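>>> the following block contains a protein sequence and its predicted model.
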Amino acid sequence: MSEVRRVVRDGLWDNNVVFAQMLGMCPTLATTGSATNGLGMGLATTVVLVCSGVLVSLFRHVIAREVRIAIYVLLMSTVVTLVDMTMNAWLHELHKVLGLFIPLIVVNCAIMGRAESFASKRTPGMAALDGLMMGVGFTLALMVLGGVREAIGQGTLFADASMLLGEHFAFLELRLDSYRGVLLMILPPGGFLALGFLVAARQRMLARARARSLGAEGAVEAGA
Amino acid sequence: MSSNLVAGLRRRPGLLLGAFALGCSALLGAGDLATRAEIRLRQAEDLRHALDQTLSAVPHDNNPAEDTIAVEDAGRAVTVYRARMAGEVHGVAFNWVSEAGYGGPITLTVGIGRDGRIASVRVLSHSETPGLGDKIDVRKSDWIRGFDGRGLDTGTRWGVRKDGGEFDQFAGATITPRAVVAAVHASLKFFAGHRERLLAARAGTAAATLPAAAQPGSPT
């Protein structure tokens, strides 16, 4: 498998930030009360992942081992603050919605994890691709988690999506009128519950795929 | 960057860290310079929008954003925007900050009519929990419209239901609506305490502040 495909697969599925690496749990559990919030947090995190990955990769030959963590923290918080200011100035409407999430990105250890384990060893191009794919994988995971919690918790899906994405996306908003909802799912315990069940479902899928591939090998041997 | 310099810095991690701190500070400074004016502009637009919303029920023919009066109340400096019709003040709007929010300060824009009743309240900014406390935002819920028409003389029980008041708390979030109810109540008291001065017919901007008598229950 080519390196690019490896990086794409890692980010989206094999090594997904939420479901496989179990990193960034704080923003994950805190902001997935709805699919829209998950999407918002994911998008903002993706931008920071790409920028910090490129920066760390560019300076990878300069950064001394002893102070690398401190320098990564410095670079990341700078990127987060710059993104915050830029959005406030030129994407003001989006900032009003996402503004809540941006400071939370600093506590996402997935960004530190990618800097340490990937960006510090690869070229800026690969680091950017890795940041993008990890970010997209993170966004998808947050949307699924938020969607599950929102659907069970209050019987809606993508509520207020038009506030985040603009009026054209109002069609995304679904609502079950007669459903009262299970509040627990919106509250923090619901985050843990939903995450646990989703991780279990993923593990089951992986186990089945493994069993199938073993079974297929067995059949080939038997036929030979 | 020359390779000598790079190698030198690598041997002196402290210096390297310092260099990065300097570079990052410079970047942030540049970012601040580049965005500051634009952010001010956006905030002015937000203010105009908030005033439009909170004073829409008050008849006026002036621009409230330019007809301001500064009032000091128990250590809190409040800029009051006045809506006039033919020179007479028909209502005022001002920002009122509550420090009792769950995720940080909540800034409300409160519009009050001549009669001392709420014309309209809107949340200008807040950091409440998305999905729970953010129902105070009119774009997410009509809850905040429940204050319209209420005043100190309307027999309203100012509090959330849990505390024996008549305003709904949200499922899973009581602190946020409690803070907003208390802030609206306090803003009405502020209006009552400065009523004569706020409704004075004199047009234009008055910058002088009167030392206001501290009122019981007013936030500091």
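Received the coordinates, thanks. Residues are numbered from 1 along each chain as shown, chains lettered A, B, ... in the order given.
>>> please make it C-alpha for all contacts and neighbour counts, starting now.
Fine.
>>> B:Gly18: neighbour count?
12 (other CA atoms under 10 Å in any protein chain shown).
>>> same question for the one 10 residues further on.
Number of residues near B:Leu28 (other CA under 10 Å) recorded here: 17.
>>> wait, what's in contact with it?
A:Thr78, A:Thr81, A:Leu82 (CA atoms under 8 Å, 6 or more residues apart in numbering or on different chains).
>>> wasn't it part of a helix?
Yes. Counting by DSSP: H, G, I helix; E, B strand; the rest coil, B:Leu28 falls inside a helix.
>>> so who does A:Trp13 touch?
Contacts of A:Trp13 (CA under 8 Å, 6+ apart): A:Ala20, A:Gly137.
>>> cool, the one 5 residues further on as well?
Remark: with contacts taken as CA under 8 Å, 6+ apart, A:Val18 is in contact with A:Gly24, A:Met25, A:Thr28, A:Phe138, A:Ala141.
>>> coming back round to it: just checking, which of the contacts of B:Leu28 belong to helices?
A:Thr78, A:Thr81, A:Leu82 (DSSP state H).
>>> any chance of these in a markdown table, plus distance to B:Asp115, pLDDT and neighbour count?
Below are the ones in helices among the contacts of B:Leu28 laid out as a markdown table (distance: CA to CA, whole Å; pLDDT from 0 to 100; neighbours: other CA atoms under 10 Å in any protein chain shown):
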| residue | distance to B:Asp115 | pLDDT | neighbour count |
| --- | --- | --- | --- |
| A:Thr78 | 50 | 94 | 22 |
| A:Thr81 | 45 | 93 | 18 |
| A:Leu82 | 46 | 93 | 20 |
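>>> filtering those residues by proximity to chain B, which remain?
Restricting the ones in helices among the contacts of B:Leu28 to those near chain B by CA under 8 Å from any CA of the partner chain leaves A:Thr78, A:Thr81, A:Leu82.
>>> tabulate these in CSV, adding columns for distance to B:Leu17.
Shown next, in CSV, are these (distance: CA to CA, whole Å):
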residue, distance to B:Leu17
A:Thr78, 14
A:Thr81, 19
A:Leu82, 20
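>>> checking the residue of chain B found nearest chain A next. Helix, strand or coil?
Nearest residue of chain B to chain A (CA to the nearest CA) works out as B:Ile39 at 4.6 Å. Recorded secondary structure, B:Ile39: helix (three-state DSSP).
>>> OK, contacts around it?
A:Asn88, A:Ala89 are the contacts of B:Ile39 under CA under 8 Å, 6+ apart.
>>> 10 Å instead, please
A:Met85, A:Thr86, A:Met87, A:Asn88, A:Ala89, A:Trp90, A:His92, B:Asp32, B:Glu45 (CA atoms under 10 Å, 6 or more residues apart in numbering or on different chains).
>>> where do the helices sit along chain A?
A:3-9, A:25-31, A:35-58, A:68-90, A:92-98, A:109-114, A:124-154, A:161-165, A:188-223.
>>> same list (those) but as TSV, adding distance to B:Leu51.
Compiled in TSV, the helices of chain A are given as follows (distance: least, CA to CA, whole Å):
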stretch	distance to B:Leu51
helix A:3-9	49
helix A:25-31	31
helix A:35-58	28
helix A:68-90	20
helix A:92-98	17
helix A:109-114	41
helix A:124-154	33
helix A:161-165	21
helix A:188-223	36
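>>> who wins for proximity to B:Ile112 among those?
helix A:92-98 (25.5 Å; CA to CA).
>>> middle-most residue in chain A, spatially?
When CA atoms, centre = their mean is applied to chain A, the residue found nearest the centroid is A:Phe138 (1.4 Å).
>>> any idea how far that residue is from chain B?
To chain B, A:Phe138 is 19 Å away according to CA to the nearest CA, to the nearest Å.
>>> need the pLDDT of that residue.
pLDDT, A:Phe138: 95.
>>> do A:Glu221 as well
59.
>>> again with A:Ile63
With respect to pLDDT, A:Ile63 has a value of 89.
>>> for it, what are phi and psi?
Backbone torsions of A:Ile63, given as degrees, to the nearest 10, read phi -70, psi 120.
>>> now do B:Arg117
Residue torsions, per degrees, to the nearest 10, at B:Arg117 are phi -100, psi 150.
>>> where does chain A dip in pLDDT?
A:1, A:218-224 (pLDDT under 70).
>>> point me to the residue of it nearest chain B.
For chain A, CA to the nearest CA, closest residue to chain B: A:Ala89, 4.6 Å.
>>> do I have it right that that residue meets B:Arg42?
Yes. At 7.0 Å, A:Ala89 and B:Arg42 qualify as touching, with contact defined as CA atoms under 10 Å.
>>> comparing these two, which residue is more hemmed in?
A:Ala89 (21 against 18).
>>> how about the more buried one, what does it touch?
A:Val83, A:His95, B:Ala34, B:Thr35, B:Arg36, B:Ala37, B:Glu38, B:Ile39, B:Arg40, B:Leu41, B:Arg42, B:Gln43.
>>> what do you get if the cut-off is 7 Å, keeping everything else the same?
B:Thr35, B:Glu38, B:Ile39, B:Arg42 (CA atoms under 7 Å, 6 or more residues apart in numbering or on different chains).
>>> please apply the same query to B:Ala77.
Applying CA under 7 Å, 6+ apart, the residues near B:Ala77 are B:Ala70, B:Val71.
>>> just the element for it, please.
Per DSSP states H and E: B:Ala77 is located in strand B:76-85.
>>> who are the packing partners of the next helix or strand after that strand?
Of the helices and strands lying after strand B:76-85 in sequence (DSSP H and E), the nearest is strand B:88-98. On a contact count with 3 or more CA pairs under 7 Å, 6 or more residues apart in numbering or on different chains; DSSP states H and E, strand B:88-98 meets strand B:76-85, strand B:106-113, helix B:175-193.
>>> element containing B:Ile7, please.
Residue B:7: Ala, not Ile. Counting by DSSP H and E, B:Ala7 is part of helix B:3-11.
>>> from the chain's centre, how far out does stretch A:29-48 sit?
Taking CA atoms, centre = their mean, to the nearest Å, one finds stretch A:29-48 lying 7 Å from the centre of the chain it belongs to.
>>> could you do stretch A:96-115 as well?
10 Å.
>>> now do that stretch: distance from first to last residue.
29 Å (CA to CA, to the nearest Å).
>>> count the neighbours of the nearest residue to A:Pro103 once chain neighbours are set aside for me.
Spatial nearest neighbour of A:Pro103, excluding adjacent residues (CA to CA, 6 or more residues apart in numbering or on different chains): A:Val80 at 7.2 Å. Burial of A:Val80 is recorded as 23 neighbouring residues (other CA under 10 Å).
>>> which residues does A:Val80 contact?
A:Val48, A:Ile102, A:Val106.
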